[in-house]
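Turn this into a model:
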Amino acid sequence: MSEENITRLHVDGKEIILIGTAHVSKQSAEQVKEVIETERPDSVCIELDEQRYQSIMDGNKWKDMDIFKVIKEKKATLLLMNLAISSFQNRMADQFGVKPGQEMIQGIDSAKETGAELVLADRNIQTTFARIWHQIGFKGKADLMYQITGSIFSKETLTEEEMEKMKSQDMLNAMLKDLTESFPRLKKPLIDERDQYLAQHIKKAPGDKVVAVLGAAHVPGITQEIHKEHNLKKLNERPPKAKWPKVVGWMIPIFIISIIAFTFFSNPEAGLQQTMSWILWNGSFAAIGAAVALGHPLAIVSAFVVAPFSSLNPFISAGLIAGLVQAYFKRPSVRDFENLSKDVHSAKGFWRNNVTRILLIVVLANIGSALGTFVGGADVVRLFFDNL
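Residues are numbered from 1 along each chain as shown. Next up, the predicted model:
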């Protein structure tokens with residue numbers, strides 16, 4: 001058995017075997033099977049949480065999605081980003097003829113076949129996202145979204161030799177260094193904290209021999225952290241929601257309404273001009289967003305009508321209403337849900353599939369409304385000073 005990508009540790013009387021994998025590598029899945037069958041461990045730890053485990057095990061989960069519920073609970077953007085990120089991994093997996101996460105699936109299957117106890121060792125993905133989002137500022141959020149989006153629709157391919165090189169510690173350390181330089185606050189919640197979380201679960205796994213199936217990026221950190229004690233409760237805490245977005249969300253409409261009301265009082269004609277400017281800028285940008293997503297004509301109209309009012313009311317959004325209208329008139333079929341995992345492989349597929357088109361309408365109409373609020377608000381202020 002090849003020892004490449006395998007790290008053997010002895011902690012508290014246990015033998016712990018870490019397998020560093022590439023998430024879309026066929027060789028990684030084969031090595032996981034070989035190691036578990038040869039070592040016959042008491043426990044197999046995998047780099048999954050309960051949510052991702054259920055998503056892997058339930059191949060028909062998309063068919064049960066209630067798209068109306070997703071929109072109403074304001075989860076459209078999160079779902080769209082999850083689909084977009086998975087599209088990159090799926091595309092790479094297709095290139096090498098292996099399912100994304102095949103090494104994790106192999107770990108699950110081999111644990112069952114050998115009678116080992118399966119341990120879901122990773123932190124809840126939503127907690128990790130929340131801590132990442134809390135750590136980076138506005139510019140960091142924008143840069144991160146740009147890089148993720150660019151990588152999703154990039155046509156660049158990797159050779160399998162390059163993929164295997166990604167599993168060497170020297171290459172990974174260099175990648176992590178680049179990541180830290182680009183997003184210094186991102187590495188802590190994404191890598192360091194999860195190293196600690198994974199390490200604690202691995203060393204507490206039942207039995208005297210434990211095999212852990214991990215992305216190779218985590219192996220150097222876990223090798224260090226596994227000799228320390230970590231507070232899982234603290235690592236699981238979600239950061240408190242910032243209060244300033246709510247404050248700003250109410251300050252903007254109060255400011256805009258106050259300016260228009262004052263102008264109406266002193267110069268009704270100018271006040272009417274301000275009102276029309278606010279309606280046209282907000283409505284037009286939101287409608288353009290819905291149109292770019294190839295929305296139903298009534299979804300585009302609803303975005304235009306709702307945006308000027310939703311920009312003054314943080315409880316509703318133009319995208320939410322436009323998305324609900326789109327879902328009503330273009331309700332996704334069973335085939336749309338069945339083809340979802342395949343359609344998200346390309347930008348064209350995102351627009352073609354009725355599920356992702358609805359999500360795009362929600363997101364792009366909201367972005368358009370936000371731009372309209374900025375431009376329309378600036379024009380309202382301009383007209384206010386012009387008529388002082």
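
Identify each buried residue in stretch 263-280, please.
Thr263, Asn267, Ala270, Gly271, Gln273, Gln274, Thr275, Ser277, Trp278, Ile279, Leu280 (16 or more other C-beta atoms under 10 Å). C-beta coordinates here come from the backbone N, C-alpha and C atoms, glycine included.

So which of the residues you listed is the closest to His227?
Set against His227, the nearest of the buried residues of stretch 263-280 by C-beta to C-beta is Trp278 (60.9 Å).

gap between that closest one and Ser55?
Separation of Trp278 from Ser55 (C-beta to C-beta, to the nearest Å) stands at 43 Å.

Excluding chain neighbours, what is closest to Asn267?
Distance criterion C-beta to C-beta, 6 or more residues apart in numbering; nearest residue to Asn267, sequence neighbours excluded, is Asn387 at 5.0 Å.

I figured that neighbour hits Pro268, correct?
No. Counting by C-beta atoms under 8 Å, Asn387 sits too far from Pro268 to count as a contact (10.6 Å).

Show me the helices in the stretch 1-150 of the chain, by range?
Using DSSP state H, counting those that start in this stretch, the helices of the stretch 1-150 of the chain run over 26-39, 50-57, 67-72, 76-96, 102-114, 125-135, 138-152.

got a list of contacts for the shortest one?
What that stands for is helix 67-72. Ala76, Leu79, Leu320, Gly323, Leu324, Ala327, Arg331, Pro332, Val355, Ile358, Leu359, Val362 (C-beta atoms under 8 Å, 6 or more residues apart in numbering).

count of neighbours near the last one?
What that stands for is Val362. Residues near Val362, counting by other C-beta atoms under 10 Å, number 34.

Pull out the buried positions in the host helix or strand of it.
Per DSSP states H and E, Val362 falls inside helix 354-386. For helix 354-386, the neighbour count (16+ other C-beta under 10 Å) marks 354-373, 375-377, 379-380, 383-384 as buried.

tell me which element Ala212 falls in.
Here Ala212 is assigned to strand 209-215, by DSSP H and E.

Could I get the average pLDDT for that strand?
Here strand 209-215 scores 94 as its mean pLDDT.

Convert the helix or strand just after it to CSV, retaining C-alpha atoms only.
Next in sequence after strand 209-215, counting helices and strands by DSSP H and E, comes helix 219-225. Provided in CSV are the C-alpha atoms of helix 219-225 (Å, rounded to 0.1, in the frame of the first residue of the first chain):
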residue,chain,number,x,y,z
VAL,A,219,-3.7,17.7,7.0
PRO,A,220,-0.8,20.0,8.0
GLY,A,221,-3.1,22.0,10.4
ILE,A,222,-4.7,18.9,11.9
THR,A,223,-1.3,17.3,12.5
GLN,A,224,-0.5,20.3,14.7
GLU,A,225,-3.9,20.9,16.3
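
Tabulate the buried residues of stretch 263-280 in a markdown table, adding columns for secondary structure.
What follows is the buried residues of stretch 263-280, written out as a markdown table (DSSP: H, G, I helix; E, B strand; the rest coil):
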| residue | secondary structure |
| --- | --- |
| Thr263 | helix |
| Asn267 | coil |
| Ala270 | helix |
| Gly271 | helix |
| Gln273 | helix |
| Gln274 | helix |
| Thr275 | helix |
| Ser277 | helix |
| Trp278 | helix |
| Ile279 | helix |
| Leu280 | helix |
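
pLDDT below threshold where in the stretch 201-350 of the chain?
Low-confidence segments of the stretch 201-350 of the chain (pLDDT under 70): 242, 245, 334, 338, 341, 344-345.

Tell me where it has helices.
219-225, 232-235, 244-266, 268-292, 297-310, 318-329, 334-338, 340-343, 347-352.

How is the protein divided into domains?
6-64+97-235, 244-386 (automatic domain parsing).

Show the contacting residues for Gly289.
Gly289 neighbours (C-beta under 8 Å, 6+ apart): Ala303, Gly319, Ile361, Leu364, Ala365, Asn366, Ile367, Gly368, Ser369.

now for those, which pair is the farthest apart?
Largest pairwise distance in the contacts of Gly289, by C-beta to C-beta, is 11.9 Å, between Ile361 and Ser369.

residues shared between the contacts of the two?
Gly289, Ala303, Gly319.

Name all residues that make contact with the second one.
Residues in contact with Ala303, defined by C-beta under 8 Å, 6+ apart, are 283, 286-287, 289-290, 295, 318-319, 321-322, 361, 365, 368-369.

Farthest pair within those?
For the contacts of Ala303, and using C-beta to C-beta, no pair is farther apart than Gly283 and Ile361, which are 15.1 Å apart.

ok, and which of the domains of the chain has the densest surroundings?
Mean neighbour count (mean count of other C-beta atoms under 10 Å) peaks for domain 244-386 among the domains of the chain, with a mean of 19.
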